[in-house]
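Asks: Need the 3D shape of this:
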Amino acid sequence: MNSTTLLSLDTSTTSTGWAIFKDGEYQESGVIDDFKKVKNGYERLKLMTKELLDSIGQLKPDIIVIEKDVVFGNMKVIDMLMKIIGAVYGFCLFNGITYYEFAPSEWRKYVKLQAFGRKRDEFKKASIKYIKDNLNMDVNDDEADAICIGLAYCKKFG
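Replies: Below you'll find the predicted structure:
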């Protein structure tokens with residue numbers, strides 16, 4: 001019997017959190033942030049997207065779950081985030097990988113984080129605490145969100 005590999009992602013323009021699940025069980029996680037110091041945002045975007053797609057190609061996941069971008073704020077940042085998400089979506093299409101987007105409010109509902117506030121910083125702190133309390137791990141907000149996104153998908157689709 002084949003196992004199912006899920007990769008969950010919390011993308012940003014400076015740091016992307018990732019988490020891997022096998023058959024619904026958390027395996028490992030981390031952050032792609034090697035390019036934080038690259039000043040030119042579009043150069044950083046290019047480097048980060050290439051590393052992300054190379055990593056996906058090596059992992060060969062069956063499913064990719066990504067946080068849907070909520071459109072607000074700086075248009076340059078929104079443009080870059082949409083390019084990252086679009087690159088992942090295109091990679092999935094061309095490689096037969098199941099692709100799923102979770103709105104932040106939806107994935108937070110599945111891991112019971114909706115009650116922790118209304119501001120982005122409050123949610124980030126809540127996801128870090130959730131991972132500490134449930135997996136006994138100290139992680140940053142990008143990694144915590146990536147893990148929570150994967151857990152939410154597993155809870156939603158079993």
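Asks: C-alpha only now, for contacts and for neighbours.
Replies: Will do.
Asks: For the biggest helix by length in the chain, C-alpha coordinates in CSV please.
Replies: Criterion DSSP state H: the longest helix present in the chain is helix 75-95. Output in CSV follows, covering the C-alpha atoms of helix 75-95 (Å, rounded to 0.1, in the frame of the first residue of the first chain):
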residue,chain,number,x,y,z
MET,A,75,0.3,45.9,-3.7
LYS,A,76,3.9,45.0,-4.4
VAL,A,77,3.8,42.4,-1.6
ILE,A,78,0.5,41.0,-2.8
ASP,A,79,1.9,40.8,-6.4
MET,A,80,4.9,38.8,-5.2
LEU,A,81,2.8,36.5,-3.0
MET,A,82,0.4,35.8,-5.9
LYS,A,83,3.4,34.9,-8.1
ILE,A,84,4.7,32.4,-5.5
ILE,A,85,1.2,30.8,-5.1
GLY,A,86,0.8,30.8,-8.8
ALA,A,87,4.1,29.1,-9.4
VAL,A,88,3.2,26.3,-6.9
TYR,A,89,-0.2,25.9,-8.5
GLY,A,90,1.3,25.6,-11.9
PHE,A,91,3.9,23.1,-10.7
CYS,A,92,1.0,21.0,-9.2
LEU,A,93,-0.9,21.2,-12.5
PHE,A,94,2.0,20.0,-14.6
ASN,A,95,3.0,17.3,-12.2
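Asks: does the residue lying closest to Ile147 once chain neighbours are set aside sit in a helix or strand, and which one?
Replies: Closest residue in space to Ile147, ignoring its immediate chain neighbours: Ala19 at 5.3 Å, by Cα to Cα, 6 or more residues apart in numbering. Ala19 is part of strand 16-22, with elements assigned from DSSP states H and E.
Asks: if we can go back for a sec, show me what the residue nearest to Ile147 is bridged to.
Replies: Going by DSSP bridges, Ala19 is paired in beta bridges with Ser8, Ser29.
Asks: about what we covered before: which residues sit against the strand holding Ala19?
Replies: Contact partners of strand 16-22, identified using Cα atoms under 8 Å, 6 or more residues apart in numbering, comprise 3-11, 26-33, 142-147, 150.
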